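Engineer: the amino acid sequence is not available; the structure is as follows:
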């Protein structure tokens, strides 16, 4: 798998920001096919930091229902893979640089 296909986007939530400050842990939405070694290599290449640990979670899809004039519309949000990447002490990733 190519390195530019591994990382989809960073996850920027309050919980993720708290983990960035306390634990030096960053959350990324990643490709479902990517493994921990590919994720580690991609983060080290793109952000120039040394990664100490990678934890992954597959978030299951959720059923969603919406009421419209035509009646109920049902669907499923897709499942995705999330990676928690811990960087070495004293290093940081600036996720807000491109915004």
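Structural biologist: All right, it came through fine. This structure is a prediction, so every number in the text was calculated from the model and none was measured.

Engineer: identify the residue spatially nearest to residue 76, adjacent ones excluded.
Structural biologist: Spatial nearest neighbour of residue 76, excluding adjacent residues (CB to CB, 6 or more residues apart in numbering): residue 61 at 5.0 Å. All C-beta atoms are positioned from the backbone trio N, CA, C, and that covers glycine.

Engineer: doesn't the one you found lie inside a helix?
Structural biologist: No. Residue 61: not assigned to a helix; according to DSSP: H, G, I helix; E, B strand; the rest coil it is coil.

Engineer: which residues are in contact with it?
Structural biologist: Contact partners of residue 61, counting by CB atoms under 8 Å, 6 or more residues apart in numbering, are 76-79.

Engineer: with residue 24 instead?
Structural biologist: Counted by CB under 8 Å, 6+ apart, residue 24 has contacts 86-89, 91-92.

Engineer: and the residue nearest to residue 76, how far from residue 40?
Structural biologist: The spacing between residue 61 and residue 40, counted by CB to CB, to the nearest Å, is 26 Å.

Engineer: now swap in residue 12 and tell me
Structural biologist: Using CB to CB, one gets 21 Å for the distance from residue 12 to residue 40.

Engineer: comparing these two, which residue is more hemmed in?
Structural biologist: Taking neighbours as other CB atoms under 10 Å, residue 12 and residue 40 compare with residue 40 leading, 18 against 13.

Engineer: mind checking which helix or strand that one is in?
Structural biologist: Per DSSP states H and E: residue 40 is located in helix 36-47.

Engineer: circling back: looking at the contacts of residue 24, spot the one nearest residue 21.
Structural biologist: residue 92 (9.7 Å; CB to CB).

Engineer: wait, doesn't residue 41 sit right on residue 3?
Structural biologist: Yes. Counting by CB atoms under 8 Å, residue 41 does reach residue 3; the two are 6.5 Å apart.

Engineer: count of residues packed around residue 84?
Structural biologist: Neighbours of residue 84 under the rule other CB under 10 Å: 18.

Engineer: on the three-state scheme, it is what?
Structural biologist: Relying on three-state DSSP, one would call residue 84 strand.

Engineer: kind regards, and thank you for your time.
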